[in-house]
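Colleague: Output the structure for:
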Amino acid sequence: MHRLPRGAAAALIGLSLALAGSGTAQALPAPAASATAGTGDHVRLALAGSGAAQASPASATAGTGDHVRLALPRPTGPLAVGRDTLHLVDTGRPDPWVPEAGARELMVSLYYPARGARGRTAPYMTTDEARAFLEDRDLAGAVPAATLSGTRTHARPGAAPARGTYPLVVLSPGFTVNRATLTLLAEDLASRGYVVASVDHAHESVGTAFPGGRLLTCAACGPAEERGYAAVARGRAQDVSFLLDRLTARHPAWRHARMIDRTRIGMAGHSIGGASAATAMAADGRVRAGLSLDGSFQEPVPAGGLGGRPFMMMGTEEPKDSWVRDWTLLDGWKRWLTVTGSGHFTFTDIPALADQLGLLPPEEPLSGEVSQRITRRYAAAFFDLHLKGLARPLLDGPSAEHPEVVFHRSG
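Modeller: All right, here's what the predicted structure looks like:
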């Protein structure tokens with residue numbers, strides 16, 4: 001599994017990753033809007049701005065006294081976005097990593113099409129989550145936790161839902177990182193007419209806030225290496241089935257569950273989250289389409305395939321043996337796309353923020369603006385085609401608008 005870089009040798013790239021944040025829990029109060037770095041420099045992250053492409057990377061230098069303002073690109077769809085947060089407990093299953101803790105727990109951010117755009121936007125993460133992320137990266141002295149937790153998203157908590165029903169897309173993050181790293185994709189899909197459930201799986205990130213003032217850390221990190229990461233994928237597939245049960249039940253866990261069209265459900269994820277999409281599809285026929293963002297298959301695709309359901313892999317140019325191994329087993333519509341100049345975290349929020357600080361690693365020449373634009377456009381096209389039945393020629397072959405995207409294989 002890819003993990004974020006550590007230590008002083010990775011300070012520049014690590015700082016950019018830290019500034020991208022690590023999670024969110026609406027139940028906690030919003031932190032202060034600004035914070036002062038340990039060196040006396042004032043650094044403010046404002047995520048509700050007009051987009052990464054309009055920032056000034058050359059002048060955004062942390063630790064030099066400059067006033068840094070970072071901005072997540074706005075969602076590209078026509079709809080406003082609301083957000084709710086759920087804490088779900090699966091009393092029928094003990095936690096696979098910490099059985100003595102009791103039942104398996106999930107934190108879920110529900111992004112949904114909303115009516116109007118009034119009210120304060122939701123926070124990107126909590127202070128405790130930010131502190132855990134920074135400490136894990138040995139960057140606690142470089143970036144104050146309050147700087148990260150003071151950021152805002154484009155989604156508004158408790159916004160009135162738009163009328164109608166919409167497809168549901170489940171998002172699962174990479175191992176050790178929080179669900180907030182997929183905020184760009186979640187908000188964009190919601191603005192285009194999807195309900196999005198972004199999931200944090202207990203004990204699989206370096207820090208996720210849970211009710212009762214708890215911060216659950218990565219108890220799975222050591223055991224996953226010993227047992228193999230297939231255990232992570234299997235556990236997440238079970239999490240997704242439980243989540244779908246709770247969202248589509250007669251008495252659902254979410255107050256706006258009537259928005260969900262239960263016949264149109266897809267899943268996407270980054271890294272192990274993407275691998276888990278295939279595992280979830282194999283285990284649960286309700287998931288009609290899957291997208292892996294640079295995630296190698298940890299559980300082999302079943303010999304009998306995925307029941308003819310569509311699956312797309314989009315990743316770096318780095319060879320993935322499991323994609324070669326399982327390509328022929330994908331028995332529905334399928335694509336294998338690579339993105340020239342990308343890195344493992346290209347498909348998350350991280351490059352869009354890192355680029356504004358001039359801190360993208362030199363071996364990954366793809367800009368943050370291009371990274372997020374490719375990820376959001378191709379993900380939306382995939383789900384538009386397979387959950388909404390809309391023609392999307394972007395998926396038919398190479399595009400002059402996105403020359404970085406290479407069609408490695410199609411089927």
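Colleague: Tell me the secondary structure of Pro361, please.
Modeller: With DSSP: H, G, I helix; E, B strand; the rest coil as the basis, Pro361 sits in coil.
Colleague: Ala268 now?
Modeller: strand.
Colleague: Disregarding residues adjacent in the polypeptide, which is nearest to it?
Modeller: In this structure, Ala268 finds its nearest non-sequential neighbour in Leu291, 3.9 Å apart by C-beta to C-beta, 6 or more residues apart in numbering. Where C-beta positions appear, they are placed from N, C-alpha and C, glycine not excepted.
Colleague: Can you pull the phi/psi pair for the one you found?
Modeller: Its backbone dihedrals place Leu291 at phi -130, psi 120, with angles given as degrees, to the nearest 10.
Colleague: That one: how many residues sit nearby?
Modeller: If you count neighbours by other C-beta atoms under 10 Å, Leu291 ends up with 28.
Colleague: Please apply the same query to Ala101.
Modeller: By other C-beta under 10 Å, neighbour count at Ala101 equals 15.
Colleague: Just list the residues touching it, thanks.
Modeller: Pro94, Asp95, Ala202, His203 (C-beta atoms under 8 Å, 6 or more residues apart in numbering).
Colleague: quick one: the second one and Ala202 touch, right?
Modeller: Yes: between Asp95 and Ala202 there is a contact under C-beta atoms under 8 Å: 6.0 Å.
Colleague: more neighbours, the two?
Modeller: Each of Asp95 and Ala202 has its neighbours counted (other C-beta under 10 Å); Ala202 has more, 25 against 20.
Colleague: quick one: that one and His386, what's the gap?
Modeller: 30 Å (C-beta to C-beta, to the nearest Å).
Colleague: Ala354 and Gly368 touch, don't they?
Modeller: Yes: Ala354 lies in contact with Gly368 (C-beta under 8 Å); the separation is 6.2 Å.
Colleague: just the helices in this structure please.
Modeller: Assigned helices in the chain, in chain order: 11-19, 127-136, 145-149, 183-191, 221-227, 230-248, 272-283, 321-326, 350-354, 368-387 (criterion: DSSP state H).
Colleague: Ok, which of these comes nearest Val89?
Modeller: helix 230-248 (9.5 Å; C-beta to C-beta).
Colleague: Let me know the average pLDDT across that closest one.
Modeller: Mean pLDDT, helix 230-248: 98.
Colleague: Check the burial of the closest residue to Pro78 other than its chain neighbours by counting its neighbours.
Modeller: Spatially, and ignoring its direct neighbours in sequence, Pro78 is nearest to Ser191 (7.0 Å; C-beta to C-beta, 6+ apart). Neighbourhood size, Ser191 [other C-beta under 10 Å]: 24.
Colleague: list the contacts for Tyr194?
Modeller: Pro113, Tyr166, Pro167, Leu168, Val169, Phe383, Leu387.
Colleague: From Asp355, how far out is the nearest residue to the second one once chain neighbours are set aside?
Modeller: Beyond its immediate neighbours in the sequence, the residue positioned closest to Tyr166 (C-beta to C-beta, 6+ apart) is Val195, lying 5.0 Å away. Using C-beta to C-beta, one gets 30 Å for the distance from Val195 to Asp355.
Colleague: More neighbours: these two, which one.
Modeller: For Val195 versus Asp355, neighbours defined as other C-beta under 10 Å are more numerous around Val195 (27 against 24).
Colleague: residues touching that one, list them.
Modeller: Leu110, Tyr111, Tyr112, Pro113, Tyr166, Pro167, Leu168, Val169, His256, Met259, Ile260.
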